[in-house]
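> Following is a predicted model, sequence given first.
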Amino acid sequence: MNNWQREEDERDVIPSELPAGDAGAFVDLAAGRTYYELDAPSGKPLLICIHGWSTASYAWRELRPKFQAKGYRVLTYDLYGRGYSERPPGKQSVEFFTQHLSELLERLQLDQVQLNVAGYSMGGAIAARFVSERLERVDRLLLIAPAGTYVKLPVIRFVARNLPTVFDPVFYALASDRLS
């Protein structure tokens, strides 16, 4: 067993009540209870904010009003094992967290709406995987210092790292229609 895995009897206790003034709620999902905060229905586009490995959804609290002022309905949530969400045992992988978000959207009846997704650090890796499987439903993706990105082809990785003046123009020329 490593730091990412815990035995069933070692689960942290999730509070049954939130601190006074907390606007969030809980939903029971397949792997455990999940804490989330979701703005009231408004007809505005949905923005899902995914936090990093060492924080919880509270990390978005200062930005939430700014996103709302830009015209978004905001959803933040605690990934399994962080914040108020339950800490299920087993391997925590990008697939595990992508399934977590998919199930959360389904339970909140948001699984058919157009999406905007923001993620930082580990949340960026989760956001990238999540969006890659739903391109037709995503309007915007914002990655902030995403973790876990890795180019599998050694030649491309070498050129991208060591020759950015060669790689960047070629990349943008080939991918310009996808980046706009």
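Perfect, thanks for sending it. Numbering: from 1, shown residues only.
> ok, now which ones touch residue 24?
Applying C-beta atoms under 8 Å, 6 or more residues apart in numbering, one finds that residue 24 lies in contact with 18, 35, 36, 37, 57, 84. For every residue, glycine as well, the C-beta is placed using N, CA and C.
> among these, which two are most distant?
Maximum pairwise distance in the contacts of residue 24, criterion C-beta to C-beta, is 12.2 Å, between 18 and 57.
> neighbour-wise, which of the two wins?
Comparing residue 18 with residue 57 by other C-beta atoms under 10 Å, the one with more neighbours is residue 57, at 24 against 13.
> Now do the contacts for the more buried one.
Contacts of residue 57 (C-beta under 8 Å, 6+ apart): 24, 35, 36, 37, 49, 51, 76, 77, 78, 83.
> confidence score at it?
In this model, residue 57 is scored at 95, pLDDT.
> Just give the closest residue to it, not the sequence neighbours.
Nearest non-adjacent residue to residue 57, counting by C-beta to C-beta, 6 or more residues apart in numbering: residue 76, 4.0 Å away.
> Thanks a lot, catch you later.
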